[in-house]
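Q: how would this look folded up:
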Amino acid sequence: MTYEPVIGVEVHAQLHTQTKLFCGCPTSFGLPPNTQVCPVCLGLPGSLPVLNQQAVEMAVRTGLALNCELSPTNQFSRKNYFYPDLPKGYQISQYDLPICGPGWLEISVNDKKKRVRITRAHLEEDAGKNVHEEGAEGSHVDLNRAGTPLLEIVTEPDLFSSEEVDAYLKALRDLLVYLDVCDGNMEQGSFRCEPNVSIRPKGQQTLGTKVELKNINSFRYAKDALDYEISRQAELLDEGGKVQQETRLWNVQLGQTAVMRSKEGAHDYRYFPDPDLLPVSIDAEWIEELGGTIPEIPSARLQRFVKDYQLSEYDAGILTDSKELADYFEACVKLFAHPKTVSNWVTGELLRELHSSGVTPEDSPLKPERLVELLELVDSGTVSLKAARELFPELYSTDKTAEQVVKEKGLVQVSDEGTLQTIIEEVLAAHPAQVEQYRGGKEAVIGYLVGQVMKASKGKANPGKVNEMLKRSLTS
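A: Predicted structure coming up:
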């Protein structure tokens with residue numbers, strides 16, 4: 001039997017606020033356990049939540065960028081379940097009246113555009129974290145994360161392969177980072193994805209039984225987990241078994257999923273409106289005001305780079321994959337009006353050094369002004385392109401100017417015609433056979449002669465100038 005996977009995705013994006021959703025505790029990552037807590041996020045009797053307005057603003061801006069219908073009135077509900085990291089015994093979330101209704105996000109897969117429908121996006125507080133230390137007796141609970149604001153973004157089952165899910169997750173993460181509502185750090189749990197996958201015989205319209213996947217903290221793990229789960233379900237059905245609706249954890253070490261629990265339905269959570277929080281009203285004027293703060297989104301910036309800078313979609317895609325990298329590129333172009341040249345250096349030498357050192361474009365030690373100085377030296381013929389590439393790692397890792405590095409390494413390119421003419425005449429005199437071949441019509445031999453001049457000048461001669469002057473000498 002040939003099967004078709006059908007996938008929907010839930011993403012929990014931690015909003016980039018300074019304080020939690022319903023109290024004034026900070027949201028900093030990595031501090032000692034249980035040091036960012038108060039009576040509200042500890043769920044102590046008598047404590048009352050107060051909604052963080054900045055989180056609402058971020059949710060509205062995200063909804064607008066995702067083309068969502070924004071609800072003028074939305075409401076918080078209590079989602080009831082018992083787990084050690086949930087101190088109140090319920091989670092404050094949104095159920096029947098979410099802040100963002102239907103919308104869509106366009107993605108690109110194998111050079112084809114696809115619109116993924118967004119079902120809803122709603123605000124909720126995060127739970128704490130259970131800590132299982134190897135060798136320790138029992139487990140511990142860290143409530144620093146409890147109450148941190150999340151925006152849960154849910155798609156329709158519009159994705160049909162792990163490649164499409166990968167493209168969707170990357171496009172959504174880029175959008176949230178561009179909006180400055182989420183830092184997108186999967187390892188720290190700021191951007192968590194939970195795919196829901198089912199399979200059905202190809203051509204069948206009825207959906208199969210879905211399985212939710214958890215414990216995924218990288219794009220690669222999301223793809224690997226989906227590929228494994230699709231294969232597992234297909235094998236199960238081929239053997240006459242049935243897929244159970246359940247939640248499964250991705251085991252990185254084993255490269256397989258394992259049952260976590262049976263999947264709950266909405267009725268299991270006994271949702272009801274939170275009596276401590278009033279409904280939230282969002283008027284059209286405020287929505288319009290927030291809409292004016294939305295920056296250029298990745299897809300629009302990509303198309304502008306293609307149109308305005310005459311870049312390929314591939315190059316523009318690499319540059320706009322990161323807001324910081326796109327900003328870096330444009331800062332360079334303002335100083336050196338050769339977009340293609342800048343693109344080649346930023347996507348080549350700069351990215352290689354950034355990846356090697358584990359540094360973001362924003363924190364690059366090589367600022368746009370210093371890179372442009374090097375490009376101007378190449379453009380003026382002061383240093384060759386080859387030499388510039390060779391000295392780039394040192395320029396990146398020091399605070400020296402490009403001119404200093406070029407002089408220290410003795411890489412200043414010789415362009416003086418008098419000096420070059422002397423070298424050329426010596427080379428021509430030493431290679432009469434090649435001179436005769438060129439004058440006899442074998443023009444390809446010019447490459448050999450250029451090489452000899454470069455060798456004689458110890459690589460410092462300007463190759464373009466040498467080529468031009470050699471031809472002149474050979475035809476005179």
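
Q: Using the three-state scheme, assign the most centrally placed residue in the chain.
A: For the chain, D174 is the residue whose C-alpha lies nearest the centre (CA atoms, centre = their mean; 5.0 Å). Here D174 is recorded as helix under DSSP: H, G, I helix; E, B strand; the rest coil.

Q: ok, and the closest non-adjacent residue to it?
A: For D174, ignoring the flanking residues on the chain, the nearest one in space by CB to CB, 6 or more residues apart in numbering is P298 at 4.7 Å. All C-beta spots, glycine's among them, are computed from the backbone N, C-alpha and C.

Q: give the contact list for the one you found.
A: By CB atoms under 8 Å, 6 or more residues apart in numbering, P298 lies in contact with A171, D174, L175, Y178, T320, D321, K323.

Q: Can you list the residue ranges for strands in the stretch 251-400 of the chain?
A: 256-262, 272-273, 280-281 (DSSP state E, counting those that start in this stretch).

Q: List of residues touching the first one?
A: By CB under 8 Å, 6+ apart, the residues outside strand 256-262 that reach it are 211, 213-214, 225, 228-229, 232, 244-251.

Q: wait, doesn't Y168 sit right on E106?
A: No - the criterion here is CB atoms under 8 Å, and Y168 misses it with E106 at 9.9 Å.

Q: Spit out the residues that contact those two alike.
A: Joint contacts of Y168 and E106 (CB under 8 Å, 6+ apart) are V116.

Q: Give me the more crowded residue out of those two.
A: Y168 (25 against 12; other CB atoms under 10 Å).

Q: measure that one to H16 for me?
A: 21 Å (CB to CB, to the nearest Å).

Q: likewise A387?
A: For A387 relative to H16 (CB to CB), the value is 43 Å.

Q: so the residue lying closest to N251 once chain neighbours are set aside bridges to which residues?
A: Distances taken as CB to CB, 6+ apart put A258 closest to N251, at 5.7 Å, once the chain neighbours are dropped. Counting by DSSP bridges, A258 is bridged to L249.

Q: and A258, how many neighbours?
A: Neighbours of A258 (other CB under 10 Å): 10.

Q: Please tell me the pLDDT value assigned to it.
A: Looking at A258, its pLDDT reads 93.

Q: so how far is L237 from it?
A: 19 Å.

Q: Based on its surroundings, how many neighbours for the closest residue to G24 other than its chain neighbours?
A: The spatially closest residue to G24, leaving aside those adjacent along the chain, is C38, at 7.2 Å (CB to CB, 6+ apart). Residues lying near C38 (other CB under 10 Å) number 13.

Q: same deal with K79?
A: Counted with other CB under 10 Å, K79 comes out at 21.

Q: Am I right that it falls within a strand?
A: Yes - assessed by three-state DSSP, K79 belongs to a strand.

Q: so how far is I99 from it?
A: Counting by CB to CB - K79 and I99 are separated by 16 Å.

Q: Which other helices and strands does the lengthiest strand in the chain contact?
A: Secondary structure of the chain read by DSSP state E shows that its longest strand is strand 112-125. Secondary-structure packing of strand 112-125 (3 or more CB pairs under 8 Å, 6 or more residues apart in numbering; DSSP states H and E): helix 53-65, strand 90-93, strand 103-109, strand 149-155.

Q: ok, 10 Å please
A: Strand 112-125 is packed against strand 3-14, helix 53-65, strand 77-80, strand 90-93, strand 103-109, strand 149-155, helix 162-179, with contacts defined by 3 or more CB pairs under 10 Å, 6 or more residues apart in numbering; DSSP states H and E.

Q: what distance separates the first one from the centre of its chain?
A: If I follow you right, that is strand 3-14. Chain-centre distance of strand 3-14: 18 Å, with CA atoms, centre = their mean, to the nearest Å.

Q: try the second one
A: Centre-to-centre, helix 53-65 and its host chain are 20 Å apart (CA atoms, centre = their mean).

Q: Please state the mean pLDDT value computed over it.
A: 97.

Q: and the angle for it with strand 3-14?
A: 150 degrees (axes from the mean of the first three to the mean of the last three CA atoms, to 10 degrees).

Q: now swap in the longest one and tell me
A: Relative orientation of helix 162-179 and strand 3-14, computed by the same axes, to 10 degrees: 20 degrees.

Q: Mind listing what's buried along helix 162-179?
A: 162, 164-179 (16 or more other CB atoms under 10 Å).

Q: which intervals of the protein have sub-threshold pLDDT?
A: 263-266, 413-416 (pLDDT under 70).

Q: Which elements pack onto the longest helix that it contains?
A: What stands out as the longest helix in the chain, according to DSSP state H, is helix 219-238. With contacts taken as 3+ CB pairs under 10 Å, 6+ apart, helix 219-238 sits against strand 3-14, helix 162-179, strand 191-201, strand 211-214, strand 246-251, strand 256-262.

Q: Please export the alpha-carbon coordinates of that helix; CSV is fine.
A: Only the C-alpha atoms of helix 219-238 are listed here, as CSV (Å, rounded to 0.1, in the frame of the first residue of the first chain):
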residue,chain,number,x,y,z
PHE,A,219,14.7,21.4,12.7
ARG,A,220,16.7,18.3,11.9
TYR,A,221,15.1,16.4,14.8
ALA,A,222,11.6,17.5,13.5
LYS,A,223,12.4,16.0,10.1
ASP,A,224,13.9,12.8,11.5
ALA,A,225,11.0,12.3,13.9
LEU,A,226,8.4,12.7,11.2
ASP,A,227,10.2,10.4,8.7
TYR,A,228,10.5,7.7,11.4
GLU,A,229,6.9,8.1,12.5
ILE,A,230,5.5,8.0,9.0
SER,A,231,7.5,4.8,8.4
ARG,A,232,6.3,3.3,11.7
GLN,A,233,2.7,4.0,11.0
ALA,A,234,2.9,2.6,7.4
GLU,A,235,4.6,-0.6,8.7
LEU,A,236,1.9,-1.0,11.4
LEU,A,237,-1.0,-0.7,8.9
ASP,A,238,0.7,-3.1,6.4
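
Q: hang on, the earlier thing: residues touching the residue nearest to the centre of the chain, list them.
A: G184, I297, P298, S299, R301, L302, T320, D321, S322, K323 (CB atoms under 10 Å, 6 or more residues apart in numbering).

Q: Same question for L395.
A: 349, 353, 365-366, 370-371, 373-374, 388, 401-402, 404-406.

Q: same deal with L70?
A: Neighbours of L70 in contact, by CB under 10 Å, 6+ apart: 59-60, 63-64, 98-101, 103, 121, 282, 284, 286-287, 290-291.

Q: try 8 Å
A: L70 neighbours (CB under 8 Å, 6+ apart): V60, G63, L64, I99, C100, G101, I282, I287.

Q: just F82 next, same as before
A: G89.

Q: Got phi/psi on it?
A: Note on F82: its backbone torsions stand at phi -110, psi 120 [degrees, to the nearest 10].

Q: From R270, how far out is it?
A: Counting by CB to CB - F82 and R270 are separated by 12 Å.

Q: and what of Q75?
A: From Q75 to R270 the distance is 16 Å (CB to CB).

Q: what ranges do the helices span in the stretch 251-400 of the chain?
A: Along the stretch 251-400 of the chain, counting by DSSP state H, counting those that start in this stretch, helices occupy 284-291, 298-309, 313-320, 323-335, 339-345, 351-357, 368-379, 385-397.
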